[in-house]
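# just coords:
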């Protein structure tokens, strides 16, 4: 086991449930009439009318992808992706799980994935990694739809599945990273445990990082208001030894939660904020942390840098009143797609915005996903 001492940048957050909203005080955004990529911008939706089918629509290209008939209880099970030849990959399922490959010529091939209903997934380069819940194995699907099975899971500890968060590592080469949500606690202190998977070799590496000590529960100690309660590890930046953590504290008799980015090398807080953070979803995308709008959760939607938790780009000035509250962020090579309820906005990390694309009327205000470009 490789052990690395590190400290997490703490962002402190109040637990009061507040509506998701973008950050204030963002930099201005300049318009750019060009395009950040020649790839299609594709949105995927399950249409439920006289027929139930998965629709895939290219907003910026004259490409027609075939529809996929599905059952009524089918959902999109993960992030759709598109390759350099405009082939589209869609994970979906109900009680069974599938991955479909759609060609720009109407070609469709679908494979069944022999796994339980619940799983976590992540695109790593051009391969789709599946980490099932409660099964000690993983699946790696290549662009030709061949499936490689790994006999051990990132998520198993002491022969049991343990809750954690799957993402794309920051360190080079890019690898899958799994951060266990609950710290290890022993006589030497509290440690965040995380694992990486090299998809080329299949090697799993395990690491530990020091995190602030905390109680296992959220019961405050009236004699120690500095005590941290129920610490959650949301993710690890393995390039800089930073960690994103959430914990509770009893401050002046009031229970509050803090979101913190913690620097493990120096044992200092990079940033912290009082905000609700006990039921949030953070996606790890290499150098960035993505927080989308999530139902039944409070959030601070946006994309932030692992190194300092500052916004990766500005976007609030681009929003319209009809864009709605449900917003997601998808990496798009050197830019980002901002998928709102009515359109897809494009902005790059230099704060240049590009022409946006309106959604078809039958997709507006529906639960859809925008495809992410694969890395080759």
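Right, received. Where do you want to start? None of the values given here were measured: they were computed from a predicted structure. Numbering: from 1, shown residues only.
# list the buried residues of stretch 57-65.
Judged by neighbour count (16 or more other C-beta atoms under 10 Å), stretch 57-65 contains these buried residues: 57, 58, 59, 60, 63, 65. For the C-beta atoms, the positions are set from N, CA and C on the backbone; glycine is no exception.
# switch those residues over to JSON lines; also include distance to residue 242 and secondary structure.
Shown next, in JSON lines, are those (distance: C-beta to C-beta, whole Å; DSSP: H, G, I helix; E, B strand; the rest coil):
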{"residue": "57", "distance to residue 242": "38", "secondary structure": "strand"}
{"residue": "58", "distance to residue 242": "37", "secondary structure": "strand"}
{"residue": "59", "distance to residue 242": "36", "secondary structure": "coil"}
{"residue": "60", "distance to residue 242": "36", "secondary structure": "coil"}
{"residue": "63", "distance to residue 242": "40", "secondary structure": "coil"}
{"residue": "65", "distance to residue 242": "39", "secondary structure": "coil"}
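# which of the residues you listed sit farthest apart?
60 and 65 (13.6 Å; C-beta to C-beta).
# how long is stretch 233-241 end to end?
13 Å (C-alpha to C-alpha, to the nearest Å).
# pLDDT of that stretch, averaged?
Averaged over stretch 233-241, pLDDT sits at 95.
# turn the buried residues of stretch 57-65 into a markdown table, including pLDDT and distance to residue 310.
Below are the buried residues of stretch 57-65 laid out as a markdown table (pLDDT from 0 to 100; distance: C-beta to C-beta, whole Å):
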| residue | pLDDT | distance to residue 310 |
| --- | --- | --- |
| 57 | 97 | 34 |
| 58 | 97 | 33 |
| 59 | 96 | 30 |
| 60 | 93 | 30 |
| 63 | 95 | 36 |
| 65 | 97 | 37 |
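# JSON lines for those residues, including distance to residue 268?
Formatted as JSON lines, these follow (distance: C-beta to C-beta, whole Å):
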{"residue": "57", "distance to residue 268": "47"}
{"residue": "58", "distance to residue 268": "47"}
{"residue": "59", "distance to residue 268": "44"}
{"residue": "60", "distance to residue 268": "45"}
{"residue": "63", "distance to residue 268": "50"}
{"residue": "65", "distance to residue 268": "49"}
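# closest to residue 221 among these?
Of those, the one sitting nearest to residue 221 (C-beta to C-beta) turns out to be residue 59, at 54.3 Å.
# how far away is the closest one from residue 42?
Separation of residue 59 from residue 42 (C-beta to C-beta, to the nearest Å): 7 Å.
# now tell me which helix or strand of this structure has the poorest mean pLDDT.
Within the chain, no helix or strand scores below strand 9-10, which has a mean of 30 by mean pLDDT, DSSP states H and E.
# which stretches of the stretch 101-250 of the chain form strands?
Secondary structure of the stretch 101-250 of the chain by DSSP state E, counting those that start in this stretch: the strands cover 108-113, 119-124, 127-132, 138-141, 147-150, 156-157, 160-161, 164-168, 176-180, 184-186, 189-197, 204-211, 229-237, 242-251.
# for residue 75, find the nearest of the ones you listed.
Of all these, strand 119-124 sits nearest to residue 75, with 12.5 Å by C-beta to C-beta.
# strand partners (parallel or antiparallel) of that closest one?
Strands that pair with strand 119-124, judged by DSSP bridges, come out as strand 127-132 (antiparallel).
# from memory residue 309 sits against residue 271, does it?
Yes - assessed by C-beta atoms under 8 Å, residue 309 is found in contact with residue 271 at 4.4 Å.
# any idea of the pLDDT on residue 38?
Residue 38 carries a pLDDT value of 84.
# residue 34 now?
Reported pLDDT for residue 34: 61.
# do residue 102 as well
98.
# 857 is where my numbering starts, stick with that
Sure thing, new numbering starts at 857, so read that last one as residue 958.
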